[in-house]
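In: coordinates for the following, if possible.
(2 chains)
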Amino acid sequence: MGKNRSRRSWMDRARRLEKAITDYLELPADAVLDLPRLTLVGNSRLVVENHRGISEYQPDLVRLKLSTGELEIKGTGMLLREIKPDAIALEGTIQSLTFC
Amino acid sequence: MAWRNWLAYLEGYLILTISGDDPEGFLNLALAQGISLWDITRHRNGSIQAKMPAGKYRALRSLARQSRCRVRIVDKRGWPFFSRRLRGRQVLLLGSLFFLLAIYLLSTFIWVVDVRPENGPLRRVTPAQVLAAARAEGLKPGARKSALDIRVLEHALERRLPQVAWVGIRFQGTRAEITVVEKAAPPGEEASDRPASIIAAKDGVIKDILVINGEGRVKAGDTVRQGEILISGLILPPPPEKKPGEAASPEQPLSPPRLVRARGIVRARVWYEGEKEINRRQVQEVPTGRQQTTIMVQVPGHRYILKGPERPSYTNYRKENKVVALPSWRNFTLPVELIITSYYEVQVRYRQLSYEEAISTAGQQILAELKEKLPPGASITGQKVVPLTKPEDEIVRVQAWVETEEDIGQVVPLSGNG
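Out: You can find the predicted model right below:
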């Protein structure tokens, strides 16, 4: 357990350092830090690039895995227009986005 | 998106239903294998429907096993599957090919020949004559377009129809349009050697007459009315002279009168008369230099103002409209117009003319009107303005004359007794 915690803190420190360097060099965060890029068109279309997979898909609830956790999308009549290894396009009526 | 759909159609795709405990697991496995899926929807019963490229079909079985899902192929769509089905129905394929070929072949023929006058209705040829000539030259319904040379045809038609100055042929699809321009007869050219007389085109007093050919019937100082013969083309033979030696000679047969084309110049004094009425109270509009512009878009039944006021704020104004329409294509005109309205403010001024001023203004106006109507070649020799109303009247009326000297001769062909 203690070992696990020390590893986690080491990871945190590395991540903070990485962020500091990215900020200093003004590099795009999504490219360097492996962060997802979300493109939202109104409330009808959402494109998530750099995702980690789908953990749940229902017409009124979609949960996507991301490098930083999960993204929960609530809405109605949602369908996955296209899923590719690097991007997911979702269409329907989106009501909320939650990062958890 | 449409382009993507086309690619998918060309490549062929499968419609799957994935049922089981963890359909999302199947999707994730597919993603991990680098297979992209699209149009993923969830059914009521919990199964998922998705589309995948047909080329990745082989990976499907292992994916299904690993995710412990039941995967069923519902439909196979796209060109590869369609063409496989077509291969069993070659007559259908042949039929559609034949259809396309027939359309193409039929479009290489002329089906309709039209005659279109270039300006105004045709007077000297009938469309039927043109069509008959075209038919004789090979331009008729059923002719092959590639066998017709437009330039040669045009020349041939011009040769066949001497009344025609120019022929243009144009193919519009399967329609041939013949445009015809007729020869215009130069004035007075018809029968330049036929006997003719010169008559007076209008009333006047003869100033001088010069006869080149024919017999003069009037002399200077004569008053003539419109239509009177001035120079006759009919020359009566001189009465036979009696020679002293030939007393009691047998009556010579009168030589028949000679018919010529009368030529000559007859100048006459002609008067033009007119009347004019003006109000002594004159209204003048003086622009103040201020203006407003309104830009509107007009669609059928509605006008939308883009810029500017709906109504100008001036009490008196002059309005100028400029309409900008979009270019029309064939018979289709876009029903949208841009209207630019300019309002120029004017100031209205009233001026009371004195009697003399009114008369001279009216006189100048009527004289200018009369002079505008004079034929070319008429020289003005005098003009006169006479007031018709009394000085105390509000409305002033004048009468004016313009005296000119001009050639009043008009050539008319001789018919019967000239």
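In: and the chain, what are its domains?
Out: Unless you meant another one, I'm taking chain A. Using automatic domain parsing, the domains assigned to chain A come out as A:1-33, A:34-100.
In: ah, I was thinking of chain B
Out: B:2-84, B:112-182, B:281-325+B:334-352.
In: against chain A, how distant is B:G382?
Out: Distance, B:G382 to chain A, by CB to the nearest CB, to the nearest Å: 86 Å. From N, CA and C alone the C-beta is placed, and that goes for glycine too.
In: okay, and that residue sits in which element?
Out: strand B:379-387 (DSSP states H and E).
In: distance check, the closest residue to B:R267 other than its chain neighbours against B:I278.
Out: Once flanking residues are discounted, B:R267 sits nearest to B:K207: 4.7 Å by CB to CB, 6 or more residues apart in numbering or on different chains. For B:K207, the distance to B:I278 (CB to CB, to the nearest Å) stands at 34 Å.
In: now do B:V348
Out: For B:V348, the distance to B:I278 equals 18 Å [CB to CB].
In: the two - which one has more neighbours?
Out: B:I278 (18 against 10; other CB atoms under 10 Å in any protein chain shown).
In: which ones are touching the more buried one?
Out: Neighbouring residues of B:I278 by CB atoms under 8 Å, 6 or more residues apart in numbering or on different chains: B:358, B:361-362, B:365, B:395-396.
In: low-confidence ranges in chain A?
Out: A:1-5, A:7, A:29 (pLDDT under 70).
In: for chain A, which residues are neighbours of chain B?
Out: Contact residues, chain A versus chain B (CB under 8 Å from any CB of the partner chain): A:53-59, A:79-85.
In: helices or strands up against the strand holding B:G382?
Out: Applying 3 or more CB pairs under 8 Å, 6 or more residues apart in numbering or on different chains; DSSP states H and E, one finds that strand B:379-387 contacts helix B:355-372, strand B:395-407.
In: what residues sit buried inside the first one?
Out: By that I understand helix B:355-372. The neighbour-count check on helix B:355-372 (16 or more other CB atoms under 10 Å in any protein chain shown) flags B:358-359, B:361-363, B:366-367, B:370 as buried.
In: residue 71 bridge partners, please.
Out: By default, I'm working from chain A. A:L71 has these beta-bridge partners by DSSP bridges: A:L64, A:F99.
In: actually chain B
Out: Bridge pairing for B:V71 - DSSP bridges - gives B:I18.
In: count the residues that sit near it.
Out: By other CB under 10 Å, 22 other residues sit near B:V71.
In: against B:L63, how distant is it?
Out: According to CB to CB, B:V71 and B:L63 sit 7 Å apart.
In: okay, the domains of chain A, which one's buried deepest?
Out: Stretch with highest mean neighbour count among the domains of chain A: domain A:34-100 (a mean of 16; mean count of other CB atoms under 10 Å in any protein chain shown).
In: not counting residues beside it along the chain, what's closest to the most centrally placed residue in chain B?
Out: What sits nearest the mean C-alpha location of chain B, by CA atoms, centre = their mean, is B:N119, with 8.9 Å. Here the nearest residue to B:N119 in space, its sequence neighbours aside, is B:V181; by CB to CB, 6+ apart that works out to 7.2 Å.
In: swap in A:K65?
Out: Nearest non-adjacent residue to A:K65 (CB to CB, 6+ apart): A:R52, at 3.9 Å.
In: A:L80 contacts A:I88, correct?
Out: Yes: using CB atoms under 8 Å, A:L80 is in contact with A:I88, at 6.4 Å.
In: longest strand of chain B?
Out: The longest strand of chain B (DSSP state E) is strand B:281-299.
In: strands paired with that strand, and their directions?
Out: Strand B:281-299 has these partner strands in its sheet, going by DSSP bridges: strand B:302-307 (antiparallel), strand B:337-352 (antiparallel).
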